[in-house]
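Chemist: what shape does this take:
(2 chains)
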2 protein chains.
Amino acid sequence: MLSKSQIKLIKSLSQKKFRNKHQLFVVEGIKGIQEFLNSDFELVSLYSANSEFDVSDKFLEIIDEKELNKISFLKTPQKALAVFKILENICPEINDLTLILDGVRDPGNLGTIIRLCDWFGIENLICSLDTVDCYNPKVVQASMGSLARVKIFYKALEHFLNENPEIPVFGALLDGKNIYSEKLPQKAFIVMGNEANGISEEIKNLISQKITIPQFGKRRETESLNVATATSIVLSEFRRSSVIEK
Amino acid sequence: MLSKSQIKLIKSLSQKKFRNKHQLFVVEGIKGIQEFLNSDFELVSLYSANSEFDVSDKFLEIIDEKELNKISFLKTPQKALAVFKILENICPEINDLTLILDGVRDPGNLGTIIRLCDWFGIENLICSLDTVDCYNPKVVQASMGSLARVKIFYKALEHFLNENPEIPVFGALLDGKNIYSEKLPQKAFIVMGNEANGISEEIKNLISQKITIPQFGKRRETESLNVATATSIVLSEFRRSSVIEK
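Modeler: Below you'll find the model as predicted:
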């Protein structure tokens, strides 16, 4: 049986200010929860309406579906909900391909991009301070467990880039060079911009190589690709360069 | 002033059975509507709460925002809503790269894929009969106007593929060959499968070349890429083959 204060706490975690205050966030669904249990994240509480849930954990509390509905952020609640502690990552030395997001606002896009980083072995994702919070429940859901493996850092980008002047900065821009024919190193920053406005002016000035995904077909009306699909193509191109010579 | 029957008709178009009955669908937002006005689609009615809307059209009816809220399918209604006739495309002879979707269910994914087709010059998109309806309001919204340019056909896939035996059928499967090193022709079918179950068994049997997007990084937990991001990488790889030799 959930107490009123438990319900209030969990529901408050849909908002960034309460996630920051309590340093907690919510993961829903057995599969996603298991991925966080297999990671460095620390479990705080675990609620399940499914007694067959095979995590034999002292934290597990069996609740009924009605109670689960009360605390879930989903329209169709999954069988379990867990609260984890936010992990404070220490920004590592950059030795590999690193993705930088400049003002990505849509939680679904950020979640998809985290999943892409996981697929393409991008260990560190740097986000501008105005990028959507990675512990937003919609981001957690869309990342499908990949958030448990990709390290995410929120940084003042201009300062961060100036601190790492030796690493080339690639930026996806409409007036860039054809990504298919450019040499793409495996130690580099890749900057992807905001959904509506692209990369901000201050960051554009710090880009050393502009790249673009060529458009095919007759018509030029398609304005741009969605940031998550553009990121998937850019990451794929960088990684293919590590296995297939240009 | 909207009549009750107008409101009822428009609201009914959120459902596939009424779209089929009336052969009508809804487009929201000035930009999207303008793309359909510049296409072969036939306008039936146009409502706007914005008198500055620059389509000088006999169909234009100025309504207030309260009325627009009544007919909009969006949480945050845009400035205009239009009703267009569904276009019955006649399936053309297949002469170019053609994308086939086998059971894609999520409207956001289909909308994103339509936008990708537009970017990569894929003129015809073939969907299995159980793929989400392309006139679903969420698909129309996610396609960002590209639905006005890409021709979409719903087909019994097995029959359709058997009718075109001379065209190679590429399928994106986890046990396929590395897409980065395969020769990829510009006249081919590319099959992408359902979000949860991939390509169906019947269609798998008709695939002549299995391809896969390699996974990078140490961990193998990431199950698969989202179908829209996987499609973006596959289409990019095929099109880059037309400009860069392997």
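
Chemist: do a quick rundown of the strands in chain A.
Modeler: Secondary structure of chain A (DSSP state E): strands at A:24-28, A:43-48, A:60-62, A:80-85, A:98-102, A:124-128, A:151-155, A:169-178, A:189-193, A:209-212.

Chemist: what is the worst-scoring helix or strand of chain A on mean pLDDT packed up against?
Modeler: Lowest on mean pLDDT, DSSP states H and E among the helices and strands of chain A sits strand A:60-62, with a mean of 86. Counting contacts by 3 or more C-beta pairs under 8 Å, 6 or more residues apart in numbering or on different chains; DSSP states H and E, strand A:60-62 packs against strand A:43-48. C-beta here means a position set from N, CA and C on the backbone, and glycine is covered the same way.

Chemist: contact partners of the strand it packs on?
Modeler: Contact with strand A:43-48 is made by A:2, A:6, A:24, A:30, A:33, A:36-37, A:55, A:57, A:59-63, A:67-68, A:71, A:79-85, as judged by C-beta atoms under 8 Å, 6 or more residues apart in numbering or on different chains.

Chemist: show the buried residues in the residues you listed.
Modeler: With burial judged by 16 or more other C-beta atoms under 10 Å in any protein chain shown, the buried subset of the contacts of strand A:43-48 is A:2, A:6, A:24, A:30, A:33, A:36-37, A:60, A:63, A:67-68, A:71, A:79-84.

Chemist: my guess is residue A:181 contacts residue B:240, does it?
Modeler: No: using C-beta atoms under 8 Å, residue A:181 is not in contact with residue B:240; the gap is 9.1 Å.

Chemist: so which of these two has more stuff around it?
Modeler: More neighbours surround residue B:240 than the other of residue A:181 and residue B:240, with 22 against 12 (other C-beta atoms under 10 Å in any protein chain shown).

Chemist: residues near the closest residue to that one other than its chain neighbours, how many?
Modeler: Of all residues not flanking residue B:240 in the chain, residue A:180 sits nearest, at 4.5 Å (C-beta to C-beta, 6 or more residues apart in numbering or on different chains). Neighbour count of residue A:180, defined by other C-beta under 10 Å: 22.

Chemist: look up the pLDDT of residue A:180 for me, please.
Modeler: Here, the pLDDT recorded for residue A:180 equals 95.

Chemist: buried residues of the longest helix along chain A, list them for me.
Modeler: Of all the segments of type helix in chain A, defined by DSSP state H, the longest one is helix A:227-243. Going by neighbour count (16+ other C-beta under 10 Å), the buried part of helix A:227-243 is A:227-241.

Chemist: low-confidence ranges in chain A?
Modeler: A:51-57, A:218-223, A:246 (pLDDT under 70).

Chemist: domain-wise, how is it divided?
Modeler: With domains defined by automatic domain parsing, chain A comprises A:4-85, A:98-243.

Chemist: out of those, deepest packed?
Modeler: domain A:98-243 (a mean of 19; mean count of other C-beta atoms under 10 Å in any protein chain shown).

Chemist: and residue A:70, how far from residue A:14?
Modeler: Between residue A:70 and residue A:14 the distance is 13 Å, computed by C-beta to C-beta, to the nearest Å.

Chemist: kindly apply the preceding question to residue A:125 instead.
Modeler: Counting by C-beta to C-beta - residue A:125 and residue A:14 are separated by 22 Å.

Chemist: tell me the contacts of the nearest residue to residue A:103 once chain neighbours are set aside?
Modeler: Residue nearest to residue A:103 in three dimensions, not counting chain neighbours: residue A:194, with 3.7 Å by C-beta to C-beta, 6+ apart. Shown in contact with residue A:194 (C-beta under 8 Å, 6+ apart): A:102, A:103, A:104, A:105, A:200, A:227.
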